[in-house]
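1. A structural model of the following input is requested.
(2 chains)
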Amino acid sequence: MNDIIQANGLTKIYPAGKNHSPLRAVDGVDFTVRQGEVFGFLGPNGAGKTTTIRMLTGLTRPTIGSARILDFDLLSDLTRIKKHIGVVPEASNLYDELTAFDNLVFSMQLYGVPRREWKVRAEELLFRFRLSEKRDTPFAKLSRGMKRALTIAAALSHHPPLVFLDEPTTGLDVMSARSLRQMIAALREQDVTVFLTTHYLEEAERLCDRVAIIVKGRVVALDTVDRLKSNAQQKTVIEVTLANPEGQQEKKRIECDNGVEAEIQHALADANGQRVLAVNTLRPSLEDVFIQLTGLNTEVMLVEKGGKGGGGNAGG
Amino acid sequence: MLADNLRGIFYIALKDLRAYYFKPPNISWGILFPFAFVLAFAIRNPGDTGDLVPGLLGLTLLFGTTSMEAIVIVFERRIGSLERLMLAPVSLAALLGGKMLGGMFFGLTVTGVVLVVALAFFGAAGVNWLLLILALLLSAAAFSALGAFVSVSVREVFEAQTLANFIRFPMMFLGGVFVPVDSMPPVLQVIARFLPLTYTVEALRAALSGGSLGAAVIDLAALTGFSLVLFALAVRVLARRSS
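-> Coordinates of the predicted model:
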């Protein structure tokens, strides 16, 4: 499997301003992204996720470090890289005055898709993203979820092998977010490599083959979701669900260093006549991993940019 | 690379024309505003009406080209869609070139309408068509570059409008539209020489009166210089702001 992205020591330092010292938004980040995988950059707002994407897509120049994308050098072959990537920024930034169809065609025009493919490709994308009925609707009049879907469709219009998605489901309702995640998951089946940033733990857990956790500009962990969980799991945790004669349920958690059977027997001996309904082995969630690695409360993941609290769309 | 940029210039211009330019407020502003000014002056000085045509064309081109051009880039940057163009495989120069081409096309279109009306009124005899076309094209390029420079230099749409008017209105009165530059006080004559509209009016006056290409070579060269310098400055400012 080829490495589609190789980042080496990527660093972005913003110069000092009137009221602040120089800011290291991204600090020596190294990672690779393999062909065909969904790679997640997980971290709270302000961690450096968007800055990393902006460097990789050429919107801002790294202060230090280098990267190779699709075997092109980021600093010297940027135009070639741009021809082969699709980018979905955090804001759905298509043109309000153009229809859904026209926005897709304009995207294809910019990327040099042959004219004979415009109509077919646009119709295909509208169908795939469930926007066929909105073909002639101006972008400004689409719902937020539809705008997001169309922005992703536009990023795919020129068949890029690599797509960058910056917080793809932020601000969407549960149903729209779920629908969008299904579309993103489907990209893997088309052998499209996906680099996405998110501050939703569940989204990273559900979508990503590998996750890099970034905090304050540094990658603190990078591995598959399963291995991150396994590494964080220091004890076997058994959850026993008990029910008393009246049907009231109680769950007991038992942490076992060794001798699982003995621990379970002890727990059952303490059951006081309750029936055992279920015995489950619990594995740490990505949230547990995140807390363990960063020491941060996961509430920080829910703080949207601008300091407002509250999440958008947990679940999906 | 060159093909990507040329394609980008063309389609960005086309998109801008569809999305921004050919809307009733722009058309009315581009045509009616200069016409109203010139009409007011013509009523005051009825005998000089024919002499006002070069100035009228110059004003129409100036306002037609810059009215949207000056705000399109800052507007798109504000709403995030400029970033979409910067993510595309086109250079910053091509991006600005596309923006300028849209402004130029619109400005030349509305000016063309005024030109047809003016020629129908005053006749087309003796017009040096080659000089006329060159003067219009180079003037459109210079004004469009000015509009682009204004648009990349500010952060808000109202700042772009303010700056554009700060430049255009003095130019309107000092550029030889209503009063010949030679009859102005010396200090104003010096200022006029730094204004692209001055060279536009002189070149158009020469073209409409049958003057030779050589008679307007300095005007055409000045307009070319304004175009290149303002374009280069706009690219530089956009690059710096984007990084």
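2. any idea which helix or strand carries the most centrally placed residue in chain B?
-> What sits nearest the mean C-alpha location of chain B, by Cα atoms, centre = their mean, is residue B:143, with 2.9 Å. Of the helices and strands defined by DSSP states H and E, residue B:143 is found in helix B:129-153.
3. Does that helix pack against any helices or strands, and if so which?
-> helix B:53-79, helix B:92-122, helix B:157-174, helix B:196-208, helix B:217-242 (3 or more Cβ pairs under 8 Å, 6 or more residues apart in numbering or on different chains; DSSP states H and E). C-beta here means a position set from N, CA and C on the backbone, and glycine is covered the same way.
4. Could you check the pLDDT of residue B:239?
-> You'll see residue B:239 listed with a pLDDT of 90.
5. Tabulate the helices and strands packed on helix B:129-153 in TSV, adding columns for mean neighbour count and distance to residue A:221.
-> Formatted as TSV, those follow (neighbours: other Cβ atoms under 10 Å in any protein chain shown; distance: least, Cβ to Cβ, whole Å):
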stretch	mean neighbour count	distance to residue A:221
helix B:53-79	25	36
helix B:92-122	21	37
helix B:157-174	17	44
helix B:196-208	26	59
helix B:217-242	18	33
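6. mean confidence for stretch A:227-247?
-> 74.
7. Which residue comes closest to residue A:43 once chain neighbours are left out?
-> residue A:214 (4.0 Å; Cβ to Cβ, 6 or more residues apart in numbering or on different chains).
8. okay, the host helix or strand of that neighbour in CSV with CA atoms only?
-> Assigned by DSSP H and E, residue A:214 belongs to strand A:210-215. Output of strand A:210-215 as CSV, limited to C-alpha atoms (Å, rounded to 0.1, in the frame of the first residue of the first chain):
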residue,chain,number,x,y,z
ARG,A,210,-6.4,5.3,11.8
VAL,A,211,-6.6,8.3,14.1
ALA,A,212,-4.0,10.9,15.1
ILE,A,213,-4.9,12.8,18.2
ILE,A,214,-3.6,16.3,18.1
VAL,A,215,-3.5,18.7,21.1
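9. partners of that strand in the sheet?
-> If you go by DSSP bridges, strand A:210-215 pairs up with strand A:38-42 (parallel), strand A:218-224 (antiparallel).
10. Pick the most deeply packed of those.
-> Neighbour counts (mean count of other Cβ atoms under 10 Å in any protein chain shown) averaged over each of the strands paired with strand A:210-215 peak at strand A:38-42, with a mean of 26.
11. Give me the distance from that one to the chain's centre.
-> Its chain's C-alpha centre and that of strand A:38-42 lie 5 Å apart, by Cα atoms, centre = their mean, to the nearest Å.
12. where exactly do the strands run in the stretch 201-316 of chain A?
-> A:210-215, A:218-224, A:236-243, A:249-256, A:275-282 (DSSP state E, counting those that start in this stretch).
13. now the closest residue to residue A:16 other than its chain neighbours: how far from residue A:13?
-> In this structure, residue A:16 finds its nearest non-sequential neighbour in residue A:22, 4.8 Å apart by Cβ to Cβ, 6+ apart. Distance of residue A:22 to residue A:13, given as Cβ to Cβ, to the nearest Å: 6 Å.
14. for residue A:193, same thing?
-> Distance from residue A:193 to residue A:13, by Cβ to Cβ: 28 Å.
15. which of these two has more neighbours?
-> A count of neighbours by other Cβ atoms under 10 Å in any protein chain shown puts residue A:193 above the other of residue A:193 and residue A:13, at 24 against 15.
16. Next, give phi and psi for that one.
-> phi -80, psi 130 (degrees, to the nearest 10).
17. and it, what is it in contact with?
-> Under the criterion of Cβ atoms under 8 Å, 6 or more residues apart in numbering or on different chains, the contact list for residue A:193 reads A:4, A:5, A:33, A:34, A:35, A:36, A:37, A:38, A:39, A:161, A:162, A:163.
18. again, but for residue B:118
-> The contact partners of residue B:118, by Cβ under 8 Å, 6+ apart, come to B:53, B:56, B:57.
19. Could you check how many residues crowd around residue 179?
-> Reading this off chain A. Number of residues near residue A:179 (other Cβ under 10 Å) recorded here: 19.
20. not quite, I wanted chain B
-> By other Cβ under 10 Å, the residues close to residue B:179 number 15.
21. Near chain B, which residues of the stretch 101-250 of chain A are found?
-> Proximity of the stretch 101-250 of chain A to chain B (Cβ under 8 Å from any Cβ of the partner chain) is limited to residues A:102, A:106, A:109, A:110, A:111, A:112.
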